[in-house]
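**Q** predicted coordinates and the sequence they were generated for:
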Amino acid sequence: MSQQDTQTSTVSVVPPGATFDIRRTTPEDAEWMRQVLRRYWASEQTVSRGTVKEPLKLPGFAAMRDDEPIGLVTYEITGEACEIVTHNSMADSGGIGSCLLAAVRNEARQRGCKRLWLVTTNDNTPALRFYQRRDFDIVALHRHAITESRRLKPEIPDTGLHGIEILHEIEMSYDL
């Protein structure tokens, strides 16, 4: 199998009977990925722990149903740690988010990572629930980190989910 075939092949983390596939993202995915980033992240950039990230330049996995994107995860491996930079399911349920997470977990393990981690904001209670149910631990609260993040990315709104003021970063980790 060529490197190109490996990069676009379906990733086998989808349970039997699922109505979607998980595959690696490719440069051809850039346009719909831009749309996802703008919709869920307010721009094509994210900020994590004071660092601007460009998810379009990072590796990722796409969830596809009938050749239509229904989920996206991007990640960055540094040393023995893998950071989940973005993670979005465009469907409310059905295992898409879990399968995308499993794809990143598998990739991180194969690449020798010891830790999988991410940052979310204090308003994102669905993410806090999702990751804790998948054995992630809250390892740090970075109080008022969003003040600095807004200097780097002014698009970050003042108020987020459920009318909660966005103030803090919550770091979550999973030991591989």
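**A** Looks like it arrived, so ask away.

**Q** in three-state terms, label residue 102 for me.
**A** helix (DSSP: H, G, I helix; E, B strand; the rest coil).

**Q** quick check: closest non-adjacent residue to it.
**A** By the measure of Cβ to Cβ, 6 or more residues apart in numbering, the closest residue to residue 102 outside its immediate chain neighbours is residue 13, 4.0 Å from it. In short, each C-beta sits where N, CA and C put it, glycine included.

**Q** from residue 86, how far out is the one you found?
**A** Computed with Cβ to Cβ, to the nearest Å, the distance linking residue 13 and residue 86 is 18 Å.

**Q** again with residue 75
**A** 9 Å.

**Q** the more surrounded of these two?
**A** A count of neighbours by other Cβ atoms under 10 Å puts residue 75 above the other of residue 75 and residue 86, at 24 against 21.

**Q** so residue 70 sits against residue 20, correct?
**A** Yes: proximity of residue 70 to residue 20 meets the contact threshold set by Cβ atoms under 8 Å, at 5.9 Å.

**Q** overlap of the contact sets of these two?
**A** With contacts taken as Cβ atoms under 8 Å, 6 or more residues apart in numbering, the residues that reach both residue 70 and residue 20 are 63, 64, 96.

**Q** highest neighbour count among those residues?
**A** Across these, neighbour numbers were computed from other Cβ under 10 Å; residue 63 holds the maximum, 28 neighbours.

**Q** what's the nearest residue to it if we skip its chain neighbours?
**A** Closest to residue 63 by Cβ to Cβ, 6+ apart is residue 71, at 3.1 Å.

**Q** quick one: buried residues of the helix or strand containing residue 151?
**A** When elements are assigned from DSSP states H and E, residue 151 belongs to helix 145-152. Within helix 145-152, the residues that qualify as buried by neighbour count (16 or more other Cβ atoms under 10 Å) are 145, 146, 149.

**Q** can you pull out the low-pLDDT segments for the protein?
**A** Within the chain, the ranges that satisfy pLDDT under 70 run 1-12.

**Q** residues near residue 141, how many?
**A** Each residue near residue 141 was counted by other Cβ under 10 Å, and the total is 11.

**Q** thinking again about what came up before, ok, the residue nearest to residue 63 to residue 28 distance?
**A** Computed with Cβ to Cβ, the distance linking residue 71 and residue 28 is 17 Å.

**Q** those two: who's more crowded?
**A** Neighbours around residue 71 and residue 28, counted as other Cβ under 10 Å, are more numerous at residue 71. The numbers are 23 against 9.

**Q** in the helix or strand that contains the more buried one, what's buried?
**A** Taking DSSP H and E as the definition, residue 71 sits inside strand 68-78. Buried residues in strand 68-78, counting neighbours by 16+ other Cβ under 10 Å, are found at 69, 70, 71, 72, 73, 74, 75, 76, 77.
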